[in-house]
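J.: Sequence first, predicted coordinates after that:
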Amino acid sequence: MFGIPGKQAVTMTTAAVTQVRKLMERDGRAGLRIGVKKGGCAGMEYTMEFVDTADGNDEVVEQDGARVMIAPMAQMFLFGTEIDYQVSLLESGFQFNNPNVADACGCGESIKFKDLDELEADRQAN
């Protein structure tokens, strides 16, 4: 686990909690699993999928009935992230307010993270 004792790896806004809980209940799923993978114009992309069970190495965050599982390889990149759910006239979806992002592409789907030494320094400072 990559984190600080007593502090959740990620938090969710009220809108995100409501949407995750609604989708969990509708589909009978255990929660939302989030991760990162290589891809996109900035180098990395978020991944999201509703799952039936948590992997033994997932970091599990529960907030007001909503459950998010963080894939092991993503934990250091997502620590401190706030997950939001936005609805606009043209689109709706989850948004990641991630302090570990160094750069993002114009579409907001692809991100570049700070280097590992900088991530570790930020984690220890908090």
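T.: Received it, and whenever you're ready, just let me know what you need.
J.: Apart from its neighbours in sequence, what residue is nearest I70?
T.: Of all residues not flanking I70 in the chain, E59 sits nearest, at 4.2 Å (CB to CB, 6 or more residues apart in numbering). Where C-beta positions appear, they are placed from N, C-alpha and C, glycine not excepted.
J.: my read: the one you found touches R67, true?
T.: No. The criterion here is CB atoms under 8 Å, and E59 misses it with R67 at 11.3 Å.
J.: These two: which is more packed in?
T.: E59 (21 against 18; other CB atoms under 10 Å).
J.: any idea how far F77 is from the residue nearest to I70?
T.: E59 is 12 Å from F77, where distance means CB to CB, to the nearest Å.
J.: shared neighbours of the two, anything?
T.: Counting by CB atoms under 8 Å, 6 or more residues apart in numbering, E59 and F77 have no shared contacts at all.
J.: any idea how far D55 lies from A71?
T.: Applying CB to CB to D55 and A71 gives a distance of 7 Å.
J.: so what's in contact with the two at the same time?
T.: With CB under 8 Å, 6+ apart, D55 and A71 have common neighbours R33.
J.: So if I had to pick from the two, which one is more boxed in?
T.: A71 (19 against 12).
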